[in-house]
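Asker: Turn this into a model:
(one chain, ligands or ions: 2)
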Amino acid sequence: MTQTQLSVNLNKIALIRNSRGHGFPDVREFAALALDQGAVGVTIHPRPDQRHARYEDIADLRVLVNSYTDKELNVEGYPTDILVDHVITQRPHQFTLVPDEPDQITSDHGWDLKRHGDWVRPVIERCQQSGIRTSLFVDPDPEQVRRAADTGTDRIELYTEDYAEAWKHGDHKAVLAKYMECADLARELGLTVNAGHDLDLQNLADFAAAGNVAEVSIGHALTVEALRYGFAETVRRYVTILAR
Ligand SMILES: CC(=O)[C@@H](O)[C@H](O)COP(=O)(O)O
Ligand SMILES: NCC(=O)COP(=O)(O)O
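Answerer: Residues are numbered from 1 along each chain as shown. Ligands and ions are numbered 1, 2, ... in the order given. Below is the predicted model of the structure:
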């Protein structure tokens, strides 16, 4: 059974920072808090309007993560030229390609790789040539998993909104089985499996127990829960759940 690792998404810390137009809070402070509490890494998702994470955060967080020996930076986003250029320059450990439109309020679907597989492939190759691991954000759909393997990506990230929604109603077992079918298929095809979106302290344990997901990236719920429990304690609670 793979020990699932936590990557803390700092988008909402950046959102609070941007709300006052100066550097408080500093995302690097919360990145350090997360890493010191056992997260394997941090994630940021700069969107074209830079509503929260900014392109400059990539370099800042790369420097901070470099001060640790075994931690990672995951950059997520739609592979625009400007984002890809920042990624290639700063060389985060992982680049997760997400098919979001600029005006989306949040990520709400995975790639349609029947249409876009050939388009993402050169970006994947360019990242890998720079030593950057790639991941493709996909729905829990076996066809998309197969097509993801055809792109040469290192990993997929399963979009977990369907699971999170089903968990709220207590009917997540069938949905979870679909995710695990896709995760098993991905591993058979040589892919490592990440997952994320709307995971939280309540629904994570059932997802993690189903097994064999390498990394979950969690940010929105974690930030809200941190308002109640404190940031370090919240990260500690996630790490404890994953360590079971
Ligand atoms: C791809 C995904 O689900 C998340 O990585 C994304 O970062 C969430 O974006 P917001 O924080 O803008 O909602
Ligand atoms: N890729 C998922 C992520 O980074 C965070 O998603 P969320 O926890 O903010 O929904």
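Asker: Show the model's pLDDT score for T240.
Answerer: According to the per-residue confidence, T240 scores 98 in pLDDT.
Asker: Let me know how buried it is, in neighbour terms.
Answerer: Summarising burial for T240: neighbours were counted as other C-beta atoms under 10 Å, giving 13. (C-beta placed from N, C-alpha, C; glycine too.)
Asker: how near is it to ligand 2?
Answerer: Distance check for T240 against ligand 2: by C-beta to the nearest ligand atom, to the nearest Å, it reads 18 Å.
Asker: any idea how far that residue lies from A205?
Answerer: Counting by C-beta to C-beta, to the nearest Å, the gap from T240 to A205 is 10 Å.
Asker: now G110
Answerer: Using C-beta to C-beta, we find G110 at a distance of 24 Å from A205.
Asker: Neighbour count for those two, which is higher?
Answerer: G110 (23 against 13).
Asker: So what does the more buried one look like in phi/psi?
Answerer: G110 adopts backbone torsions of phi -90, psi 180, taken as degrees, to the nearest 10.
Asker: any idea which helix or strand carries the residue nearest in space to the middle of the chain?
Answerer: Centrality entry for the chain: nearest residue to the mean C-alpha point is S217, 4.0 Å, by C-alpha atoms, centre = their mean. S217 is part of strand 215-218 when elements are defined by DSSP states H and E.
Asker: which outside residues touch the helix or strand that that strand is followed by?
Answerer: Toward the C-terminus, strand 215-218 is succeeded by helix 220-229 as the next helix or strand (DSSP H and E). Contacting residues not belonging to helix 220-229 are listed as 8-9, 11-13, 106, 198-201, 233-235, 237-238 [C-beta atoms under 8 Å, 6 or more residues apart in numbering].
Asker: of these, list those near ligand 2.
Answerer: Intersecting the contacts of helix 220-229 with the contacts of ligand 2 gives N9, D198, L199 (criterion: C-beta under 6 Å from any ligand atom).
Asker: where's the first one relative to E215, distance?
Answerer: The one in question is N9. Taken as C-beta to C-beta, the span from N9 to E215 is 12 Å.
Asker: which stretches of this protein have low pLDDT?
Answerer: Using pLDDT under 70 as the threshold, the predicted model of the chain has low-confidence ranges 1.
Asker: beta partners for the closest residue to ligand 2 within the chain?
Answerer: Using C-beta to the nearest ligand atom, the point where the chain gets nearest to ligand 2 is G196, with a distance of 2.8 Å. Here G196 shows beta-bridge partners Y159, S217, assigned using DSSP bridges.
Asker: Right, I'll leave it there.
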